[in-house]
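K.L.:
my questions are about this predicted structure, shown below with the sequence.
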Amino acid sequence: MHLLRSVHLLPLLVLLAFLGACSKEKARMASLVDENASPADLGAPFLYGSNMGYYSGWTDVQLAELLIGNSEKDIDGVGVNSLRPAMYDHFVKRWGYDIRLGAFKKYQQLGGKDHTIFLNGPDDAHRDQTKYCEGVQSKTFANLYEPIWTSSGTVNADNYYANYVYNVVKTYGPYVKYWEVWNEPDYTSNWRATQTWTKSDPNPCDLRNFAAPIQSYVRMLRITHEIVRQLDSDGLVCVGGLGYPSFLDAILRNTDNPEGGKTSADYPKKGGEWFDCLSYHVYPMYYLGDNPNSDAAAKAVINHKNDFQAVLDRYAYDGTTHPKKAFIVTETNIPRKTIGGYAGGDDIQRNFLIKAAVAAQKAGISGLYIYSTAESKPLAEASDPYHAMGFYQRLSSGPYQATITPGGTAWRTVSTLLGTRLYDPAETGKLQLPANIDGGAFYSADDDDYVYVLWAKTTGASETASAEYSFPTSFSLKTAEQFDWKNKQTSVTGTILLTGSPVFIKP
């Protein structure tokens, strides 16, 4: 399954806060950002995810083994615990809905959980034939406005999208947490148009991945939400990999009414009522300007979330009037090589991956899905930033010949050391970190102890930074074990010398 991806190239604004629609999810997420929460109330572990993609000669299960690991085959993996595959309509129509069921069972056996599936790709027989602008056929489903359910309460097979979603959710619901509606529906090559979307609805001609009215997208959210609520009470419906807060604004102010998104008896709810989770994509190298370093890159991930949350707040999805939304980042990375003037390199990539995982948890994001399994070209031949993103170097031969990148090693380290731990804001506050140091405290309920992640903040165009840190006397810490990005262990006492590369301190 080939993963669609894109670049939302120009600075815009992005993302929202954390939380689901159900009360259990709401209480759980609120505790993650509550500085007074006790360690027992910190919520669920973070998802260290990965996109999968397609690599010739490799099956999905073999790719999962590279990502998650398989002790029976002495495959260490890279610390991934959640996957983001596609499940295209044209794929399941050809091969059957259960074609990947065995693979998902294997993911679970390997240790994968709470996966994300993006729902996409109508079969030609199910594709909307309408041309909403000259010469451009819609890329979404036909018959969206057929009834979702029959009079007997079964899904309506004449509503192609509803029938597709119903069967995918029924088949894969036990393994999936996040149901992502479309992949980058707001992708556009006309950035200027995005600046108008808070005032007027997006022109289908500008939506290269969707090519249909915003009301059709809201309709898909509604269909997905009704089906997921019936079949998968723990599942969360997500808007799919957004890049522009202005597109979110258009979702929130429209119903699924094809007559201009107006509220009516048949279309009583606007878009915000039909999703629980906001998925967004961010490739930070496009937003760094004259500050191309890993701290600025990690901050860009959070800035995007805050921009989306600002839109949600305007429509009262603020945790008071309406429940907050959960957040996941389903594509992010920076390249392992400087290309086209954008930040890149082994040091900045590996530092970014650790810092972004820490920053995301501090911001209440449920998980990061890194792009991608492996680099698409040998590094020397990479001419596009996306060529040089992956946990492994280019997979030029069959299973299981693969060479891990420094970024893959760093992801494995942060997941290994923090994967079962929960971010603790109260304990982090006790660290009294000065302005030139960042990090966080992560609690293990099983071990009733903490691991502290610390680093000296980088500035400008360098990953070189230095700072000294001593734990406050209240910690009574005399000696501790320190782990670097390779998970190499050393003992430390007294003052800790920090660099721009994060270290993990375990008393």
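P.N.:
Arrived safely, thanks for sending. Numbering: from 1, shown residues only.

K.L.:
run a quick neighbour tally on Gly429.
P.N.:
By the criterion of other C-beta atoms under 10 Å, Gly429 has 12 neighbours. In this view, the C-beta of every residue, glycine as well, is placed from N, C-alpha and C.

K.L.:
kindly report the same for the one 3 residues further on.
P.N.:
Neighbouring residues of Gln432 were enumerated by other C-beta under 10 Å; the total is 12.

K.L.:
burial of Thr130, as a residue count?
P.N.:
The number of residues packed around Thr130, counting by other C-beta under 10 Å, is 15.

K.L.:
what sits against it?
P.N.:
Listed by C-beta atoms under 8 Å, 6 or more residues apart in numbering, the contact set of Thr130 reads Gln137, Ser138, Ala212.

K.L.:
and the gap between it and Val451?
P.N.:
Computed with C-beta to C-beta, to the nearest Å, the distance linking Thr130 and Val451 is 54 Å.

K.L.:
kindly report the same for Pro204.
P.N.:
Separation of Pro204 from Val451 (C-beta to C-beta) stands at 49 Å.

K.L.:
what sits against the closest residue to Asn190 other than its chain neighbours?
P.N.:
If the residues on either side of it in the chain are set aside, Asn190 comes closest to Asp206, at 4.7 Å by C-beta to C-beta, 6 or more residues apart in numbering. Neighbour list for Asp206: Thr188, Ser189, Asn190, Ala193 [criterion: C-beta under 8 Å, 6+ apart].

K.L.:
model confidence score at Asp206, please.
P.N.:
pLDDT for Asp206: 97.

K.L.:
same deal with Ser397?
P.N.:
89.

K.L.:
what does Ala44 give?
P.N.:
The predicted local distance difference test score for Ala44 is 88.

K.L.:
burial of it, as a residue count?
P.N.:
That count, for Ala44 with other C-beta under 10 Å as the rule, works out to 16.

K.L.:
distance of it from Val237?
P.N.:
Counting by C-beta to C-beta, the gap from Ala44 to Val237 is 18 Å.

K.L.:
what does Thr409 give?
P.N.:
With distances taken as C-beta to C-beta, Thr409 is found 35 Å from Val237.

K.L.:
more neighbours, those two?
P.N.:
Neighbour tally, Thr409 and Val237, criterion other C-beta under 10 Å: the higher count belongs to Val237, 29 against 20.

K.L.:
pretty sure that one sits in a helix.
P.N.:
No: checked against DSSP: H, G, I helix; E, B strand; the rest coil, Val237 lies outside a helix; its state is strand.

K.L.:
go ahead and confirm it touches Val228.
P.N.:
Yes: under the criterion of C-beta atoms under 8 Å, Val237 makes contact with Val228 at 5.4 Å.

K.L.:
how long is stretch 327-345 end to end?
P.N.:
Between the opening and closing residues of stretch 327-345 there is a gap of 28 Å (C-alpha to C-alpha, to the nearest Å).

K.L.:
that should have said stretch 95-114, apologies.
P.N.:
Looking at stretch 95-114, the gap from its leading to its trailing residue is 24 Å under the measure C-alpha to C-alpha.

K.L.:
also stretch 196-214?
P.N.:
Separation of the first and last residues of stretch 196-214 by C-alpha to C-alpha is 14 Å.

K.L.:
gap between it and the chain center?
P.N.:
Here stretch 196-214 is found 23 Å from its chain centre; the criterion is C-alpha atoms, centre = their mean, to the nearest Å.

K.L.:
mind listing what's buried in that stretch?
P.N.:
197-198, 201-214 (16 or more other C-beta atoms under 10 Å).

K.L.:
closest to Ala297 among those?
P.N.:
For Ala297, the closest of the buried residues of stretch 196-214 turns out to be Asn209, at 25.0 Å, with distances computed as C-beta to C-beta.

K.L.:
so that closest one makes contact with Pro185?
P.N.:
Yes: using C-beta under 8 Å, Asn209 and Pro185 qualify as a contacting pair, with a distance of 5.9 Å.

K.L.:
in the protein, where is pLDDT below threshold?
P.N.:
Within the chain, the segments meeting pLDDT under 70 span 1-41.

K.L.:
packing partners of the strand or helix carrying Tyr164?
P.N.:
With secondary structure defined by DSSP states H and E, Tyr164 is part of helix 160-172. In terms of contact count using 3 or more C-beta pairs under 8 Å, 6 or more residues apart in numbering; DSSP states H and E, helix 160-172 is assigned the packing partners helix 89-95, helix 101-110, strand 115-119, strand 176-181, helix 214-231.
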